[in-house]
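Visitor: A structural model of the following input is requested.
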Amino acid sequence: MKQKKFMSEIIRDDLTPDLTTQPGSNTLKQKITNFYTKISGPTEENIINCCYNGDCIGLMKYKDSGENLDINDKCGNTLLHIAVKGRQGDMIQFLVNLGMDINCVNAEGITPLMYAIELGFDDIALDILQVKSLDLNHWDHMGRTALHYCALYGNAVMANILLENGIDVDKCDINGYNALHICCECNCFNVAKVLLRWHIDLEKTNKYGFIPLGTAVNHQNRNMVRLITAAMRGTDHKNFEQKVSAMLDLTCDKNHYNKIIEEMPLHFKGGQNDFEEIRPE
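Guide: Here you go, the predicted model:
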């Protein structure tokens, strides 16, 4: 089992979570539309609006009258996804208590937890984590787990929480990308640091034959190359920055970076991993 490493600094997100959207937030035009829909609109639309607005009483009336709650909106989202979009934590728990599966997926295979991370709703993601039937290692149609979504959307704080709760740090998607590969593509430096603290596999090759360091090189992401090189070889090298620059040289040899890092001896300061000292340039 992977062991958590002591963290010497506060975890910061790469992208700022959404702290402003209010539950059931609608424009005035949408509110008027919803009002007339409630009076004369289709029942399914009314049920969807109840979920989005957190109207548990209204939803229960539809259930008591025998209406089917196993419905989807035009984008293939279930009522649980609608509750996430409406930032309605109480509604999510209400729907789960009615028997809905917290691991349900929309048309893209995205679970409510993944959707909350995508929207930047940390509060809703935390509410979902309280549901006992939650499968943290559930994956979407691309084979990506919620940890991959943290890498996609720069959520380092949530990535650490997921790892504390037992999500698989090394799970790969259908293209062989682990979450660190994704960080290298999306330039999510702080998420990458969290993954390194949890000892993600640095030697995992994707289906194109690249380890995460190779993906960082391919995207000419110097900060990520510095970070991963420090994790693999340490920083106690007189020519550390020169080696990083050499890896980033444009070449037709896709193994160019590998040849350079293999020539670098292990030089960790005081026997410790040095990646914590790396800061974005």
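Visitor: which regions of this structure lie under the pLDDT threshold?
Guide: 1-9, 25-41, 271 (pLDDT under 70).
Visitor: what about the strands in it?
Guide: Counting by DSSP state E, the chain has no strands to list.
Visitor: care to break it down by domain?
Guide: Following automatic domain parsing, the chain resolves into domains at 1-170, 202-281.
Visitor: can you put those domains in TSV and add distance to residue 193 and mean neighbour count?
Guide: No exception for glycine: its C-beta is placed from N, CA and C like everyone else's. Shown next, in TSV, are those (distance: least, C-beta to C-beta, whole Å; neighbours: other C-beta atoms under 10 Å):
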stretch	distance to residue 193	mean neighbour count
domain 1-170	7	18
domain 202-281	7	17
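Visitor: and these as JSON lines, adding distance to residue 196?
Guide: JSON lines is the format used below for these (distance: least, C-beta to C-beta, whole Å):
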{"stretch": "domain 1-170", "distance to residue 196": "9"}
{"stretch": "domain 202-281", "distance to residue 196": "5"}
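Visitor: what's the closest of those to residue 191?
Guide: domain 1-170 (4.6 Å; C-beta to C-beta).
Visitor: please tell me how far the closest one is from the chain's geometric centre.
Guide: 13 Å (C-alpha atoms, centre = their mean, to the nearest Å).
Visitor: what does stretch 263-281 give?
Guide: For stretch 263-281, the distance to the chain centre is 26 Å (C-alpha atoms, centre = their mean).
Visitor: ok, now which ones touch the nearest residue to residue 177 once chain neighbours are set aside?
Guide: Spatially, and ignoring its direct neighbours in sequence, residue 177 is nearest to residue 206 (5.1 Å; C-beta to C-beta, 6 or more residues apart in numbering). Contact analysis of residue 206 by C-beta atoms under 8 Å, 6 or more residues apart in numbering lists 172, 175, 176, 177, 181, 215.
Visitor: so for residue 195, which of the domains of the chain sits nearest?
Guide: With C-beta to C-beta, the closest approach to residue 195 among those belongs to domain 1-170: 6.5 Å.
Visitor: can you flag the buried ones in the contacts of residue 206?
Guide: With burial judged by 16 or more other C-beta atoms under 10 Å, the buried subset of the contacts of residue 206 is 172, 177, 181, 215.
Visitor: may I see those arranged in CSV, with distance to residue 101 as well?
Guide: CSV is the format used below for these (distance: C-beta to C-beta, whole Å):
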residue, distance to residue 101
172, 25
177, 27
181, 29
215, 34
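Visitor: can you redo the contacts of residue 206 as CSV with distance to residue 197?
Guide: Below are the contacts of residue 206 laid out as CSV (distance: C-beta to C-beta, whole Å):
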residue, distance to residue 197
172, 19
175, 25
176, 23
177, 20
181, 17
215, 19
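Visitor: show me which of these is closest to residue 99.
Guide: Using C-beta to C-beta, these come closest to residue 99 at residue 172, 32.7 Å.
Visitor: ok, now how distant is the residue lying closest to that closest one once chain neighbours are set aside from residue 252?
Guide: Nearest-residue entry for residue 172: residue 178, 5.0 Å, with adjacent residues in sequence omitted and distances by C-beta to C-beta, 6+ apart. Distance from residue 178 to residue 252, counting by C-beta to C-beta, to the nearest Å: 26 Å.
Visitor: can you give me the helices for the stretch 1-150 of the chain?
Guide: 28-40, 43-53, 56-64, 79-85, 89-97, 112-119, 122-129, 146-152 (DSSP state H, counting those that start in this stretch).
Visitor: need the ones you listed in CSV with distance to residue 200, can you?
Guide: Shown next, in CSV, are the helices of the stretch 1-150 of the chain (distance: least, C-beta to C-beta, whole Å):
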stretch, distance to residue 200
helix 28-40, 42
helix 43-53, 36
helix 56-64, 40
helix 79-85, 27
helix 89-97, 30
helix 112-119, 18
helix 122-129, 20
helix 146-152, 9
